[in-house]
Structures are given as structure tokens and as C-alpha cells.
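Asker: here is my input; please provide its structure:
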Amino acid sequence: MKLVLSILFAVLLSTSSAVCQTTRDSSSNQPAGRPFNMLVLGDSVLWGEGLKTEHKSWYHVKLWIEKTTGRPVIEKIEAHSGAVIEGGSEDEAVKTTDGEVNVALPTIREEVDRALQHYGDGSKVDLILVTGCVNDIGLQNLLNASGSTEITQLTEAKCGTPMQSLLQKIMTSFPNADVIVTGYYLFFSEKTRNDFVLRALARRVLKINPAAARLTRKESFDKLISNSKAWHQASNKTLGEVVQGANAELSGRGSQRQVMFTNVQFLPEYSFGTKETRLWGFDRSPFRMMLLFLSFGKILLPSNDDVRSRRKASCKEVFKQPANETRERKKEREYRQLLCRYAALGHPNKQGALLYSDAITNLLKTIPAFESTH
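Answerer: Okay, here's the model as predicted:
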């Protein structure tokens, strides 16, 4: 049970208020009558971890565009679980064709290159959805940070200049595309249930920080809530400023394209472990909870997402046992396989994905080409 409780923070990676700087006709410079090309870049949030295709946020956006414009939408999905903006150590150099498997590579910058190779001509792309930078920091680093100052420093370092450089690459590669950068959400809030499962979870994760050993259970849990809020505020501020800078650059070029940012603000009631949560969690059905108690915590609670069986099979294949594996390597591989199995924990569920798609379509409504005629 302790291992299950610890893995949430290694895989956690949400109606939103919107910031956008300019408006104009999105269809300019694009041939009339052709399909609408939408590119999705980034990490597990826009990939739609734990969701079937028809429930993913980008799929809802696709249907909305088709209904609003009357044009068929052709999507290209490069986003995948675990993606970082740049870098990735040799130990992380694991690749898979299943976006559910949380691996760092390809990086989001590499996703741009792959997409450009696919299209041949980047000017064909009309809309790009992108999210990223939380994996560059690492959730355990965020939730174990000493406080808001450290979190702000981490966020500015990993979500500032790297995202600025990424947006420059995107704008250069796809000169006719509007870009929407989506933000993140509150992992924990004061509405999160502080029951025995969550208390043990908080205590277990914070033990990786020596200073946490002196914290009470309540102090440990309060720290998770405080750091979650600090991350939410710092990431929104940093990403918002990066988007403003990107638009200033576009304006300087005389471009009519725009970059927009969704300041994702899940209500506290929607965070992890609440009665109204909009995030995937553990399967707390009476049967599962009974098994948990009867096994004295030895049986693992499964996640409650919709594709856990498929992801489990993919994880087993990606992290299969190699020949001549050392004891230490086996321990690490089995841990990564377990993290992979539970990768959907803390990601937007079906209701959460709708909040994301609504936030994105609300931004698109500010562009004349997307104004509904109905």
C-alpha cells in the first residue's frame, strides 16, 4: 500500500478564464474548402490520459470546430504522457507508440519536428493546442518544495525560457496557425478528503524530504495543499507572461496570427480526492475497499480511469525484463512499470476534459472565423 500511495505524485502531472491579446479572421491565407488541420502537442493533459478517444478534450474541440465552421477537421496528435519540453536523460530514453505510457521522449520540441515532417508544409496547419513544462520540473519536486519562493523559481526556470523557445519554434514552423497554450490545475485543495488513504499518501511522499520527517500528518497534508496552490498560481503567471511575449513578437513581425492562454482554474471542489472531483483517482468501490482492509493494505487499489487495462498491457511490454538484469535494475524497472500502470491518477477525467474543451472553444469564439452562425 505504501508504494501505491507514493506513486500518485510521480504521475500527477484544468472552466477557465482566458487571456488572449488579439483577434482576426483565422482563415486568412488559407485555401477555402479544404479540411481544417489541428495539431496537438505536449504532455498527458492534452493527450487525455486515461480517456477513450471520444472523451478527450481535443476530440470535443474537433467536433465543435466541425459543427461551427462546416469544415472537416483532421487532427494530428503528437502529445503523449510524460513529455518534457527539452532534455531527457539516458535513463529516460524509453520510447513507445502508446501515448498512455509515461515516458519523457520524444520531447515536445521533437514533437514539433515530427509534425513538420508529417505535414511537409507547416503553413497547412490552422490550429495548435499545446501544454507542457510540469514534467520538466517533476511533481515530487513541486510538492516537496520548501514553499512558494522555491516553487516560483522552479516554475520560472522550467516554464519560462523553455516554453518561450518552444513557442518561437512552433510559430516559425507553422506560420499560419493560431496557438492555444493550456494551463494546469489544482492537484490538491482544502476540499480534498483528508481520510486515511490520503493522509498516508501525503506522509509517504513527503518522507523523501528529510525536513518532512518532523511534520505531523496534518502539517504534511497542509503542505501538499499549499504547494499545489503555489504551483497553480506560479504556472499561470509564468505561462501567461510567455504568451504575452510571443504575441508581442508576432505583432512585431506584422503577423495576424495569435497565441492564446487558458488560465485553467478548477474549483477547489474539483481537485483530487473530492466528492466532485474532475480528476481520475483510485477505484474506491465497496468491493475494492473491503479487499484493501482484509489484506491490511497489501492489495493495490486500481485507478478508476477508462483505459487502465490497455495501459497496463503497454506498460508491461515497454518495461519488460531484459536479459542479465541486475537486482537494482529490476527494482527500478518494476517501480517504473508500476508508475506507468497508475499514470492516469490526478489527470482530468471525462468531466475534467469537458472543462478543458470548453475553455479552448471559448477562446476560439473570440476569432471571427469561428463565430457560430446558429
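Asker: from here on, contacts and neighbour counts on C-alpha atoms
Answerer: OK.
Asker: any idea how many residues pack against Cys340?
Answerer: Other residues within reach of Cys340, judged by other CA atoms under 10 Å, total 27.
Asker: that should have said Gly254, apologies.
Answerer: By the other CA under 10 Å criterion, the neighbourhood of Gly254 contains 9 residues.
Asker: against Pro175, how distant is it?
Answerer: The span separating Gly254 from Pro175 equals 12 Å under the rule CA to CA, to the nearest Å.
Asker: how about Ser57?
Answerer: Taking CA to CA as the measure, Ser57 falls 24 Å from Pro175.
Asker: between the two, which has more neighbouring residues?
Answerer: Here Ser57 and Pro175 are compared on neighbour count by other CA under 10 Å; more neighbours surround Ser57, at 27 against 18.
Asker: OK, contacts around that one?
Answerer: Ser57 makes contacts with 46, 48, 353-354, 356-357, as judged by CA atoms under 8 Å, 6 or more residues apart in numbering.
Asker: now with 6 Å?
Answerer: Contact partners of Ser57, counting by CA atoms under 6 Å, 6 or more residues apart in numbering, are 353, 356-357.
Asker: and it, what are its phi and psi?
Answerer: Ser57 has phi and psi values of phi -60, psi -40 when expressed as degrees, to the nearest 10.
Asker: try the one 5 residues further on
Answerer: Recorded main-chain torsions at Lys62 are phi -60, psi -50, according to degrees, to the nearest 10.
Asker: now for it, how many residues are close by?
Answerer: Using other CA under 10 Å, Lys62 has 20 other residues around it.
Asker: redo the contacts of Ser57 as CSV? Include distance to Ile85 and secondary structure.
Answerer: What follows is the contacts of Ser57, written out as CSV (distance: CA to CA, whole Å; DSSP: H, G, I helix; E, B strand; the rest coil):
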residue, distance to Ile85, secondary structure
Ala353, 22, helix
Tyr356, 21, helix
Ser357, 22, helix
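Asker: export these to a markdown table and tack on pLDDT?
Answerer: Converted to a markdown table, the contacts of Ser57 look like this (pLDDT from 0 to 100):
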| residue | pLDDT |
| --- | --- |
| Ala353 | 97 |
| Tyr356 | 97 |
| Ser357 | 96 |
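Asker: state the helix or strand in which the spatially most central residue of the chain lies.
Answerer: The centroid of the chain falls nearest to Val45 when counting by CA atoms, centre = their mean (2.7 Å). Secondary structure here is read from DSSP states H and E; on that basis Val45 sits in helix 44-47.
Asker: report the rounded mean pLDDT for that helix.
Answerer: Mean pLDDT, taken over the full extent of helix 44-47, equals 98.
Asker: stretch 334-345 now?
Answerer: Average pLDDT, stretch 334-345: 88.
Asker: the strand of greatest length in the chain pairs with which strands?
Answerer: Secondary structure of the chain read by DSSP state E shows that its longest strand is strand 36-42. In its sheet, strand 36-42 lies beside strand 73-77 (parallel), strand 127-131 (parallel), with partners assigned from DSSP bridges.
Asker: pull the longest helix from this protein.
Answerer: Longest among the helix segments of the chain by residue count, using DSSP state H, is helix 217-253.
Asker: now do the helix or strand Ser314 falls within: which elements does it pack against?
Answerer: In this structure, Ser314 sits in helix 308-318 according to DSSP H and E. Counting contacts by 3 or more CA pairs under 6 Å, 6 or more residues apart in numbering; DSSP states H and E, helix 308-318 packs against helix 327-341.
Asker: list of residues touching the helix it packs on?
Answerer: Helix 327-341 has contacts (CA under 6 Å, 6+ apart) with 7, 101-102, 312, 315, 319.
Asker: can you pull the pLDDT of Leu250?
Answerer: Reported pLDDT for Leu250: 82.
Asker: that one and His118, how far apart?
Answerer: The spacing between Leu250 and His118, counted by CA to CA, is 25 Å.
Asker: just the buried residues of the contacts of helix 327-341.
Answerer: Neighbour-count burial within the contacts of helix 327-341 applies to 7, 101-102, 312, 315, 319; the criterion is 16 or more other CA atoms under 10 Å.
Asker: that's all I had, so thanks and see you.
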